[in-house]
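Visitor: got a predicted model here, sequence first, then my questions.
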Amino acid sequence: MHFKPSFISLVAPLLAGLPIALSAEAYPSLPTWKCTASGGCVEQNTSVVLDQVAPFAQGAPGSRTADDYAAMGVSTSGNAVTLYHYVNSGGTLNAASPRIYLIDENGEYVMMTLLDNQELSVDVDYSTLPCGENGAFYLSQMEADGGSSGGAGAGMGYCDAQCQGYCCAEMDILEANLMATAMTPHPCKGDNCDKGGCGFNPYASGQPNFYGVGKTVDTGKTFTVLTQFIASGGVLSQITRKYIQNGQEINSGAISSCGSVKGTGGMPGMGESLGSGMVLAMSIWNDAAQNMGWLDAGGNGPCTDGEGSPSNIKAQHPDTHVVFSNIRWGDIGSTTSGEN
């Protein structure tokens, strides 16, 4: 994953002295499912929490209301969460760019352990995300408590392979919009992280007709994304991507190597992070520096240079949003049985 905008470095010092009233936070409910091959899928009492810095919300972290979540472009309905990039604040359209995390009923981050032949599935709707926009669904090796008592309940403790917050491993399940998609592991060994990662992008791999509106995976409609982590002897050997749409399973591709084992840990290091437990993060953002060209332009997608600039998106696609739903994780073959 390339740079994800963060307000933490600017605002966190101002938040350090604020009290955290966990009982007052109105966490939007987002039920998910943990699955096994033998027992099927069991619903989890999970919710989402905003990242600690929510610039247009009124409430302090730990005491935000449903209105604060809405003001940051976050809403849930049933098992679906919708993230809006832009929100109307006082008659002005502002970029909220929300980032959220999955938490459990005890106010700690859900730790997904996905090393030992496990999979993660999610239904996605990218139909309103144009060139330059990124609906991200990914895993971060954050601490379950957010680094302090009550920290997760206030959306604290973010880290990634770009060393925002601090350095930690990151597994980008999805970075995508209507036109292009990428899956990218970013292993770390200590503070030495594979910032560029080892991405798999169908368009860049020579499949220009695979992903997009009306293509093999039709992004104008909802589809299921299935990511499988293949391990042998406790060592990650492959990350496989499949899609399900209209009842049909569509094979895409796989990643079987990732950088230097000695340098950043490589695939085994990524597996160690997956085995220790990682936190699910979801966000929507755009990219003033590169206009998301690393994802969807040039050899990476059909978008033209500059087409994905934030100013173009704001003017032409103010309603841009992403929907993630039906999140399930567990044994390979268990999360999509009977789905779609």
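Guide: Received it, and whenever you're ready, just let me know what you need.
Visitor: quick one: Q141 and G78, what's the gap?
Guide: Going from Q141 to G78 by Cβ to Cβ, to the nearest Å gives 29 Å. For glycine as for every other residue, the C-beta is placed from the backbone atoms N, C-alpha and C.
Visitor: compare neighbour counts for these two and give me the winner.
Guide: Comparing Q141 with G78 by other Cβ atoms under 10 Å, the one with more neighbours is Q141, at 24 against 10.
Visitor: how close does the more buried one sit to A169?
Guide: From Q141 to A169 the distance is 4 Å (Cβ to Cβ).
Visitor: who touches both of these two?
Guide: Counting by Cβ atoms under 8 Å, 6 or more residues apart in numbering, the shared contacts of Q141 and A169 are 188, 273, 278.
Visitor: between those residues, which is nearest Y109?
Guide: The shortest approach to Y109 among the shared contacts of Q141 and A169 belongs to M278, at 9.2 Å (Cβ to Cβ).
Visitor: bridged to the residue lying closest to that closest one once chain neighbours are set aside, which residues?
Guide: Using Cβ to Cβ, 6 or more residues apart in numbering and skipping residues adjacent in sequence, the residue nearest M278 is L139, 3.8 Å away. Taking DSSP bridges as the rule, L139 bridges to M171, L280.
Visitor: surely M282 meets A136?
Guide: Yes. Using Cβ atoms under 8 Å, M282 is in contact with A136, at 6.8 Å.
Visitor: which residue packs closest to N45, ignoring adjacent ones?
Guide: The spatial neighbour of N45 that comes closest, neighbours along the chain excluded (Cβ to Cβ, 6+ apart), is E105 at 4.5 Å.
Visitor: correction: the previous question concerned Y203.
Guide: Taking Cβ to Cβ, 6+ apart as the measure, Y203 lies nearest to G301, with 4.9 Å between them; neighbours along the chain are not counted.
Visitor: tell me the contacts of Y69?
Guide: 26, 28, 50, 57, 75.
Visitor: what's the answer for K34, then?
Guide: Taking Cβ under 8 Å, 6+ apart as the criterion, K34 is in contact with 41-42, 44, 328-330.
Visitor: hmm, 7 Å instead?
Guide: Under the criterion of Cβ atoms under 7 Å, 6 or more residues apart in numbering, the contact partners of K34 comprise 41-42, 44, 329-330.
Visitor: and C131, by the same measure?
Guide: With contacts taken as Cβ under 7 Å, 6+ apart, C131 has the following neighbours: 177, 179, 296, 303, 307-308.
Visitor: quick check: the gap between it and V124.
Guide: Counting by Cβ to Cβ, the gap from C131 to V124 is 17 Å.
Visitor: now do K262
Guide: Taken as Cβ to Cβ, the spacing of K262 relative to V124 amounts to 36 Å.
Visitor: which of those two has more neighbours?
Guide: Taking other Cβ under 10 Å, K262 and V124 do not tie; V124 has more neighbours (22 against 10).
Visitor: for the helix or strand harbouring that one, give me every contacting residue.
Guide: V124 is part of strand 118-125, with elements assigned from DSSP states H and E. When contacts are taken as Cβ under 7 Å, 6+ apart, the neighbours of strand 118-125 outside the stretch itself are 114, 137, 173-174, 222-229, 322-332, 335-336.
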